[in-house]
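**Q** Give the three-dimensional model of this entry:
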Amino acid sequence: MNGLIEEAPAIAAEPASAASCSLDNYLAQPDHTMDDRIARARATLGTDVVLLGHHYQRDEVIRFADYTGDSYKLSKVASETNSKYMIFCGVHFMAETADVLAQPWQQVILPDLNAGCSMADMAEIGQVEDCWDALERQGIVASKEGSGKAGLVPLTYMNSAAAIKAFCGERGGLVCTSSNARGAFEWAFARAEKILFLPDQHLGRNTAFAMGIPLSEMVVWDPYQINGGVTPDRLRAAKVILWKGHCSVHQRFLPEHVDRVRREEPGMQVIVHPECRWEVCQKADAIGSTERIISVIEDAPVGTSFAVGTEIHLVNRLAKRFAPLGKRVITLDDAGCLCTTMYRISPQHLAWALENLVEGRVVNRIKVDEDVKQWSRVALDRMLEIKV
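**A** Residues are numbered from 1 along each chain as shown. This next block holds a predicted model:
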């Protein structure tokens, strides 16, 4: 069961300027030369297009967005518009989620199909199905007699492929965001003895630990090892089975980065995303989703300073935004943490996608297989049951 990513066929039989709309012609041009072209194309297309910009997107692109935010928020907002085309300046799993939530007449475009997510790619559907089969053979999935609960329920983070969301939906699980992960765990434990959490081990570990589950009752399933690299006894004792996946941006933050801030910037607050390592989160003053990081800084009094452990484009944008308000924001890691796959969406890719639409062509359409879409939607709808 796989999500299907495809380039949609032309919606006009033979556009007049197909050669001029070749992507190579755009990539040879400087970023700033795209601004007027993007503006003209958007004016021509009007409300037929809604442009979505994820928080981690580069400034040269996100400034054109109609809406900014995290992937679920953007997908939901876009599905409630009357726009026929959603251009998602993000990565592939985000565009898939947008297609799952879209109205039947809406189409989703990802300006560069190479804009993927390393975390989402760490949980391949065949590997997850093999894991589930192995856990079934060990009697971990089935309900225990007299317990009234399932043995295991799968949960997946929003940062996962549509096929993984569908896998969880079909097996009684759901999708969560970093904002409602704790609520998702509580929902799951009301229904099952154990949780299989995909694909980010750090969000799963930080969430479970905050609920009072000790590290000794968590195990990491490595899909490249026999039986996940976990002994049967440890699996039976575990309450949470964490998939061996991570965000390549947030994993770069280390405990010594927090120690350096404490040493060199007395009084500065450290706030990090829950995709960071457990050791980093334990040293931080606060842990929160992207939206929570923003709200904490918004609500802080004048003169407050923050070292933020998340993607560098967002941190730099927050630094510029809050500096005039007397608040200082720096990155937790001086080396900077760039989401390289998100960075692939450039002004050239955006102009190319828009001008092709003007010419009557849909390029880089993201279309999820109907069966996968159905079960993904089930998992997303169940998320609405969560109490945050």
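
**Q** Could you pull out the strands in the stretch 1-150 of the chain for me?
**A** 49-54, 67-69, 85-89, 107-109, 150-157 (DSSP state E, counting those that start in this stretch).

**Q** The second one pairs with which strands, parallel or anti?
**A** Meaning strand 67-69. Here strand 67-69 is paired, per DSSP bridges, with strand 49-54 (parallel).

**Q** got the angle for the partner strand vs strand 85-89?
**A** 20 degrees (axes from the mean of the first three to the mean of the last three Cα atoms, to 10 degrees).

**Q** Give the rounded mean pLDDT of strand 49-54.
**A** Taken as a whole, strand 49-54 has a mean pLDDT of 94.

**Q** quick revisit: okay if I get the strands of the stretch 1-150 of the chain as CSV plus distance to Ala134 and mean neighbour count?
**A** Backbone N, C-alpha and C define where each C-beta goes, glycine included. Output for the strands of the stretch 1-150 of the chain, formatted as CSV (distance: least, Cβ to Cβ, whole Å; neighbours: other Cβ atoms under 10 Å):
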stretch, distance to Ala134, mean neighbour count
strand 49-54, 35, 24
strand 67-69, 37, 17
strand 85-89, 35, 28
strand 107-109, 34, 24
strand 150-157, 11, 24
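
**Q** Can I get those strands in JSON lines including distance to Thr304?
**A** Compiled in JSON lines, the strands of the stretch 1-150 of the chain are given as follows (distance: least, Cβ to Cβ, whole Å):
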{"stretch": "strand 49-54", "distance to Thr304": "26"}
{"stretch": "strand 67-69", "distance to Thr304": "23"}
{"stretch": "strand 85-89", "distance to Thr304": "31"}
{"stretch": "strand 107-109", "distance to Thr304": "39"}
{"stretch": "strand 150-157", "distance to Thr304": "30"}
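
**Q** Lowest average pLDDT across those?
**A** The lowest average pLDDT among the strands of the stretch 1-150 of the chain, as it happens, falls on strand 67-69, at a mean of 91.

**Q** can you list the residues that contact it?
**A** Here strand 67-69 makes contact (Cβ atoms under 8 Å, 6 or more residues apart in numbering) with 50-55, 57, 62, 73-74, 77-78, 291.

**Q** just curious, which of those residues is nearest to Val363?
**A** Relative to Val363, the closest of those is Leu51; by Cβ to Cβ it sits at 14.9 Å.

**Q** Would you agree the closest one is in contact with Val61?
**A** No. Contact criterion Cβ atoms under 8 Å: Leu51 and Val61 do not qualify, at 9.1 Å.

**Q** joint contacts of the two?
**A** 89, 350.

**Q** got a list of what Thr378 touches?
**A** Quick fix: residue 378 reads Val, not Thr. Contacts of Val378 by Cβ under 8 Å, 6+ apart are 169-170.

**Q** host element of it?
**A** For Val378, the host element (DSSP states H and E) is helix 370-383.

**Q** Show me which positions of that helix end up buried.
**A** Using 16 or more other Cβ atoms under 10 Å as the test for burial, helix 370-383 gives 372-373, 375-380, 382-383.

**Q** Could you dump those residues into CSV and include distance to Ser248 and pLDDT?
**A** Shown next, in CSV, are these (distance: Cβ to Cβ, whole Å; pLDDT from 0 to 100):
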residue, distance to Ser248, pLDDT
Val372, 25, 96
Lys373, 28, 96
Trp375, 28, 97
Ser376, 24, 96
Arg377, 29, 95
Val378, 30, 96
Ala379, 25, 95
Leu380, 25, 94
Arg382, 29, 93
Met383, 25, 92
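
**Q** now those residues as JSON lines including distance to Ser346?
**A** Output for these, formatted as JSON lines (distance: Cβ to Cβ, whole Å):
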{"residue": "Val372", "distance to Ser346": "29"}
{"residue": "Lys373", "distance to Ser346": "29"}
{"residue": "Trp375", "distance to Ser346": "34"}
{"residue": "Ser376", "distance to Ser346": "29"}
{"residue": "Arg377", "distance to Ser346": "31"}
{"residue": "Val378", "distance to Ser346": "35"}
{"residue": "Ala379", "distance to Ser346": "32"}
{"residue": "Leu380", "distance to Ser346": "30"}
{"residue": "Arg382", "distance to Ser346": "36"}
{"residue": "Met383", "distance to Ser346": "32"}
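
**Q** out of those residues, who's nearest Lys244?
**A** Ala379 (21.3 Å).

**Q** Any figure for the gap between the closest one and Ala323?
**A** Per Cβ to Cβ, to the nearest Å, Ala379 is found 41 Å from Ala323.

**Q** care to break this structure down by domain?
**A** The record, using automatic domain parsing to delimit domains, assigns the chain the ranges 19-116+342-368, 121-247, 250-331.

**Q** Any idea how far the second one is from the middle of the chain?
**A** Right, the one you point to is domain 121-247. Centre-to-centre, domain 121-247 and its host chain are 18 Å apart (Cα atoms, centre = their mean, to the nearest Å).
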